[in-house]
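S.K.: Coordinates for the following, if possible.
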Amino acid sequence: MTVTEQEITDYVARVRAALADLPPDRRNELTEDLADHLTEVAAEGDGTLVERLGEPETYAAELRAAAGVGVGGGRNLDQRVATAVIRARSRLRAVDVRLGPPLGYETASDFLRLLRPAWWVLRGYLAAMLVTVVTTGGDFGVLPRLGGELLAGLIMLIGFVLASIWLGRRSAQLSRWPRSALQVGSAVLVVFALSALVQAEDRMRYGDYGYQPTSVDNPYDRIMDVFVYDSEGRLVENARLFDENGNPIRLGYPTCEQALNSPDKPSLRAYPLCPEQAPFGPRGPGMPVPPRTPATTPEPTTTPTPTVTGQPTASPSETPSGTPSGGPTPTRTS
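M.R.: Numbering: from 1, shown residues only. Next comes the predicted model:
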């Protein structure tokens, strides 16, 4: 097995971590030619450095003994932090080597190096989108905008992409702190990209206003709002619809500013979403109900008096002889 340059770097770092309790000048003096020595050892034969020289901590102890430097009273904070960092790097290195063969390379890092130009372009795009979110209050689309202007956003995108490529090609030449700042900025952009993907996925599932899309054949797919009226013709506000299982029924797409800016969740929104767009004039709350018009009672009809067929019926005002009734009948004296 050929010893790689990364393995030599890790070995030197672990040795320096084991000597972290020494003064910096003394530690640098002991490890000044260590990298060159390890390179010579690696060129002499096969096998890892650990197999041929032992653990880095053991090698550091031998350096102490050869230089006549005793072990300090205890491990200071710098030494503990350095040891933790070295262990983390060693584990990442093992994972890197393990993931390389499935990708067709010795290490996964070799494969990722081929993708660095694409990452530089993507990093510039993410930086432009982050500026878009900050300047537009959280609203963003596919293309960046600067202050709501698309042309300014495209110019900003080109500048950020070129700057990202320039930094990527010269990242190895940067000093420690600029390189660390670049790495932290890249990590922030990755987190921003993941959150944007989650938000975009929610938009695709629930629509712009948090409603589940309806079927094309659904007769209610074009409903914009729902207005509920009671038996008196009054508009019912803050009404909520549920099915027989207690699940909320969500219809419509709010178009008024009040509903669009509502902090309520879609499942908690009540109808109507935009009361001012009611199709019928709503009767305001507390207004008296107009009195009902009383129903008219039909007049009773008279029952006709039955008559006897074949016999003349005398009028109450006339006698059979034709003399009007009602007065005294005169008598004749002889």
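S.K.: So the closest residue to M224 other than its chain neighbours, which state does it fall into?
M.R.: Leaving aside its sequence neighbours, M224 sits nearest to G252 (CB to CB, 6 or more residues apart in numbering; 5.3 Å). Every residue, glycine included, has its C-beta placed from N, CA and C. On the three-state scheme (DSSP: H, G, I helix; E, B strand; the rest coil), G252 is labelled coil.
S.K.: Now for G252, how many residues are close by?
M.R.: 19 (other CB atoms under 10 Å).
S.K.: List the contacts of it.
M.R.: G252 makes contact with Y211, I223, M224, D225, V226, Y271, L273, according to CB atoms under 8 Å, 6 or more residues apart in numbering.
S.K.: ok, the third one touching T255?
M.R.: Yes - under the criterion of CB atoms under 8 Å, M224 is in contact with T255, at a separation of 6.3 Å.
S.K.: Need phi/psi at Y229.
M.R.: Per-residue torsions, Y229: phi -120, psi 140 (degrees, to the nearest 10).
S.K.: Oh, that last question was meant for P144, not what I typed.
M.R.: According to degrees, to the nearest 10, P144 has phi -70, psi 150.
S.K.: same deal with Y271?
M.R.: Torsion angles, degrees, to the nearest 10, at Y271: phi -100, psi 150.
S.K.: residues touching it, list them.
M.R.: D225, V226, F227, V228, N238, A239, R240, L241, G252.
S.K.: Can you pick out the most distant pair from these?
M.R.: N238 and G252 (15.0 Å; CB to CB).
S.K.: where in the stretch 1-150 of the chain is pLDDT low?
M.R.: 1-3, 45, 70-87, 89, 138-140 (pLDDT under 70).
S.K.: again with the stretch 201-334 of the chain
M.R.: Looking at the stretch 201-334 of the chain by pLDDT under 70, you get 203, 205-221, 253-254, 258-269, 281-334.
S.K.: coming back round to it: most neighbours of all the contacts of G252, which one?
M.R.: Busiest of the contacts of G252 [other CB under 10 Å] is L273, holding 22 neighbours.
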